[in-house]
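1. Sequence and predicted structure below; questions after.
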There are 2 protein chains.
Amino acid sequence: MALPKDYIDQKCSLSRSLEVLGERWTLLILRDAFYGVRRFSDFVEHLGIARSVLAVRLDALVEHGVLTKTSPDDGGYAEYELTDKGRELWPVIYGLIFWGDEHYAKAGPPRLFEHAEDGGRVLPDGLCSTCGQRVPLSEIQATPGPGLVKPDHEVDRVTEALSEPRPLLEAIRR
Amino acid sequence: MALPKDYIDQKCSLSRSLEVLGERWTLLILRDAFYGVRRFSDFVEHLGIARSVLAVRLDALVEHGVLTKTSPDDGGYAEYELTDKGRELWPVIYGLIFWGDEHYAKAGPPRLFEHAEDGGRVLPDGLCSTCGQRVPLSEIQATPGPGLVKPDHEVDRVTEALSEPRPLLEAIRR
């Protein structure tokens, strides 16, 4: 159901943000972009999302300046990458991950976000549990947590890459 | 489109959070709850949401322990109130409001969130721009910002209440 337009235009920045981001596939796509996913087929395989749905969501995110799409000169695969505006959404996405960890991860968090320098946990306010400093995005490492289920079958490339600690935003490529 | 269930069960706390919160009405309902809205008819009037949709969303939020529903002994109106688990979502909602303010509020933020004690702005990481301290939810005041459009017609009770500074979570009642 669409929100009444005059409401969106006039009132609340949350409404405006949700116009851009307001359905769950979009937030999962952005999460994957933070994990380093850049290629269409990798989003498809990792998310299990229909190609048609993904195409619409990616186009919208490019249109709103949250992602850029670049096509290499050599005719290789196009890549989607977070803009600065997109990167500003990390605290929101991490806030939702953390809340889910707190309330729904009975076996512990499936993935932990650490300060690469000292291994401290990144807290929801962005500070490191060890050094107490604000951790820039470039120093956050995603690492498998106690709740991560080891798959007993062959997995897609993104899942495989994420089975080891790796810095956020570092491109996952073939 | 539903997310594949095995994906949700096994992998990511963001997926789990979005199962509970993952559509925009839910986040707008929660925003209103932080603003002090407690009654069904106030949500309806302020959000312009269909009663049937609101009922489903509120029930789901109660079921997931994000809101409580209390019916007064005197047969008055039932009230919905944020639980501790629900209140933990403020940073996420404020993060989305702030991002919308930064990128879509051309006339300035329609609403500002201030540290009641010193009038400092609450930053997205929850710290006060004036005193630098973490601002507890109970000390945050929502106040009309430069981008708030003054309505030229009679407004609902919630809009009216929010036209003056008021503390978050303070019940809006008749």
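-> Yes, it's here.

2. residue boundaries of the strands in chain A?
-> Along chain A, counting by DSSP state E, strands occupy A:67-70, A:79-82, A:111-115, A:140-144, A:166-167.

3. Between those, which one is closest to B:A171.
-> Closest approach to B:A171 among the strands of chain A is made by strand A:111-115 (36.2 Å; C-beta to C-beta). Using the backbone N, CA and C atoms, a C-beta is placed for each residue, glycine as well.

4. contacts for the closest one?
-> Defining contact as C-beta atoms under 8 Å, 6 or more residues apart in numbering or on different chains, one finds that strand A:111-115 is touched by A:94, A:97, A:120-122, A:128, A:130-131, A:133, A:135, A:139-145, A:148, A:162, A:165, A:168, B:12-13.

5. first to last residue in stretch A:136-144, what's the distance?
-> Chord length of stretch A:136-144, first to last residue, is 20 Å (C-alpha to C-alpha, to the nearest Å).

6. Give the buried residues for it.
-> Buried positions in stretch A:136-144, judged by neighbour count with 16 or more other C-beta atoms under 10 Å in any protein chain shown: A:L137, A:E139, A:I140, A:Q141, A:A142, A:T143.

7. Using a markdown table, lay out the residues you listed together with pLDDT.
-> A markdown table is the format used below for those (pLDDT from 0 to 100):
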| residue | pLDDT |
| --- | --- |
| A:L137 | 95 |
| A:E139 | 97 |
| A:I140 | 97 |
| A:Q141 | 97 |
| A:A142 | 95 |
| A:T143 | 95 |
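
8. And those residues, which is closest to chain B?
-> Among the buried residues of stretch A:136-144, A:A142 lies closest to chain B (C-beta to the nearest C-beta), at 10.8 Å.

9. so who does that closest one touch?
-> Counted by C-beta under 8 Å, 6+ apart, A:A142 has contacts A:Y35, A:R111, A:L112, A:F113, A:L162, A:P165, A:R166, A:P167, A:L168.

10. are any of those residues buried, and which?
-> Buried among the contacts of A:A142 (16+ other C-beta under 10 Å): A:Y35, A:R111, A:L112, A:F113, A:L162, A:R166, A:L168.

11. Kindly reformat the strands of chain A as CSV containing distance to B:G75.
-> Shown next, in CSV, are the strands of chain A (distance: least, C-beta to C-beta, whole Å):
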stretch, distance to B:G75
strand A:67-70, 53
strand A:79-82, 53
strand A:111-115, 48
strand A:140-144, 52
strand A:166-167, 58
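
12. Please report how far the closest residue to A:D125 other than its chain neighbours lies from A:V135.
-> Leaving out its chain neighbours, the residue that sits closest to A:D125 by C-beta to C-beta, 6 or more residues apart in numbering or on different chains is B:D125, at 5.1 Å. Going from B:D125 to A:V135 by C-beta to C-beta, to the nearest Å gives 11 Å.

13. okay, and the helix or strand of chain A with the least pLDDT?
-> Here the helix or strand of chain A ranked lowest by mean pLDDT, DSSP states H and E is helix A:5-10, holding a mean of 44.

14. A:V56 and A:E63: what is the separation?
-> Where A:E63 is concerned, A:V56 sits at a distance of 11 Å (C-beta to C-beta).

15. circling back: so which of the contacts of A:A142 comes closest to chain B?
-> A:R111 (6.9 Å).

16. Tell me the predicted confidence for the closest one.
-> Looking at A:R111, its pLDDT is 93.

17. Can you name the residues bridging to it?
-> Beta-bridge partners for A:R111, by DSSP bridges, are A:P144.

18. now swap in the one 10 residues further on and tell me
-> According to DSSP bridges, A:E114 are recorded as the beta-bridge partners of A:R121.
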